[in-house]
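Chemist: no sequence on hand, only this structure:
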């Protein structure tokens with residue numbers, strides 16, 4: 001007898017190196033945050049992304065109201081601030097960030113870093129798709145705040161490195 005299907009979708013999803021499981025509208029965004037497991041692949045259970053982080057860059061301080069997140073460091077040196085604590089993670093380190101906990105992170109290295117991000121439930125790849133259309137200057141912080149709100153997040157403060165927003169996009 002075969003074991004029960006693990007994924008609610010009942011299908012296997014494979015992403016080879018350099019492949020994407022989600023059709024991003026921006027080729028740059030597809031390269032920056034390739035989707036390895038889409039919400040469609042997982043039957044809505046999760047989204048898995050590979051995040052390419054430039055040196056001394058990361059997102060705004062924010063909180064999720066819909067998703068729990070798990071990060072796994074593939075390369076680089078990262079700092080995560082969450083729940084009033086600071087965590088330094090190197091390759092092989094991971095952190096679980098439940099929804100409702102304000103957090104921010106950054107690649108503190110002088111070289112590119114890489115993270116695997118798993119969000120549950122799925123659907124977060126759509127946020128990353130839309131973020132690719134936000135213009136690259138600090139004057140558009142308001143647009144970013146609106147986009148975050150659309151996906152159940154609140155922007156609470158600046159990135160760890162002030163120039164992060166410009167570097168990532």
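Modeler: Thanks, I have the structure now. On a predicted model such as this, the values are computed, not experimentally measured, just so you know.
Chemist: spatially central residue for the chain, please.
Modeler: In the chain, the residue lying closest to the centroid (CA atoms, centre = their mean) is residue 117, at 5.3 Å.
Chemist: who's in contact with it?
Modeler: 48-51, 69-71 (CB atoms under 8 Å, 6 or more residues apart in numbering). All C-beta spots, glycine's among them, are computed from the backbone N, C-alpha and C.
Chemist: list the beta-bridge partners for it.
Modeler: For residue 117, the beta-bridge partners are residue 49, residue 71 (DSSP bridges).
Chemist: check what pLDDT it gets.
Modeler: What the model reports for residue 117 is a pLDDT of 98.
Chemist: before we move on, what about residue 9?
Modeler: In this model, residue 9 carries a pLDDT of 57.
Chemist: next: residue 164.
Modeler: Reading off the model, residue 164 has pLDDT 50.
Chemist: still on that earlier bit, what's the spacing between the residue nearest to the centre of the chain and residue 28?
Modeler: 18 Å (CB to CB, to the nearest Å).
Chemist: same question, residue 67
Modeler: Distance from residue 67 to residue 28, by CB to CB: 23 Å.
Chemist: quick one, which of the two is more surrounded?
Modeler: Shown here are residue 67 and residue 28; by other CB atoms under 10 Å, residue 67 has more neighbours (22 against 10).
Chemist: please name the nearest non-neighbouring residue to that one.
Modeler: residue 119 (4.3 Å; CB to CB, 6 or more residues apart in numbering).
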